[in-house]
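J.: Give the three-dimensional model of this entry:
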Amino acid sequence: FASFRGYKRFAENLANLQPFIKDSYVKLIDFKEEEGEEAESSSGRSSFSVNTRYMVRLTLGLPWTPTLAWVWGVRFEFSEETGRVARHVESW
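T.: Below you'll find the model as predicted:
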């Protein structure tokens with residue numbers, strides 16, 4: 001997988017997949033808020049974070065209609081200064 005930055009690139013990547021996805025399902029399976037020391041990021045900037053896990057299932061529009069399923073983890077680290085997401089980390 002190649003990494004990328006920014007919403008615009010994310011939206012472009014998602015649009016490129018759209019013709020291949022015939023059905024999708026996403027379910028939140030875990031949501032955990034962390035504050036203080038337990039929320040420390042690798043950069044040391046965040047004192048609040050949210051960890052989520054989702055079950056994702058996609059059916060692809062190929063002749064044999066394969067279904068892919070996986071757990072997708074996302075960690076959101078928030079800036080103390082702005083209160084906005086400062087870092088977004090995904091795990092597959």
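
J.: tell me the pLDDT at the residue sitting furthest away from the middle of the chain?
T.: Seen from the C-alpha centroid of the chain, the residue lying at the greatest distance (C-alpha atoms, centre = their mean) is residue 63, 28.5 Å away. Note on residue 63: pLDDT of 92.

J.: Identify the residue nearest the geometric centre of this protein.
T.: residue 74 (4.3 Å).

J.: tell me the secondary structure for the residue lying closest to it once chain neighbours are set aside?
T.: Take residue 74 and drop its neighbours on the chain: the residue closest to it by C-beta to C-beta, 6 or more residues apart in numbering is residue 52, 5.0 Å away. For every residue, glycine as well, the C-beta is placed using N, CA and C. Assigned by DSSP: H, G, I helix; E, B strand; the rest coil, the conformation of residue 52 is strand.

J.: how many neighbours does residue 52 have?
T.: Residues lying near residue 52 (other C-beta atoms under 10 Å) number 14.

J.: And the one 4 residues further on, by the same measure?
T.: Neighbouring residues of residue 56 were enumerated by other C-beta under 10 Å; the total is 14.

J.: who's in contact with it?
T.: Listed by C-beta atoms under 8 Å, 6 or more residues apart in numbering, the contact set of residue 56 reads 24-26, 69-72.

J.: how far away is it from residue 32?
T.: According to C-beta to C-beta, to the nearest Å, residue 56 stands 18 Å off from residue 32.

J.: and residue 73, what pLDDT?
T.: 93.

J.: Ignore what I typed, I meant residue 22.
T.: 92.

J.: Give me the distance from the helix or strand hosting residue 23 to the chain's centre.
T.: Per DSSP states H and E: residue 23 is located in strand 21-35. Strand 21-35 has its C-alpha centroid displaced from the chain centroid by 9 Å (C-alpha atoms, centre = their mean, to the nearest Å).

J.: Indicate each strand paired with that strand and its parallel or antiparallel sense.
T.: strand 46-60 (antiparallel) (DSSP bridges).
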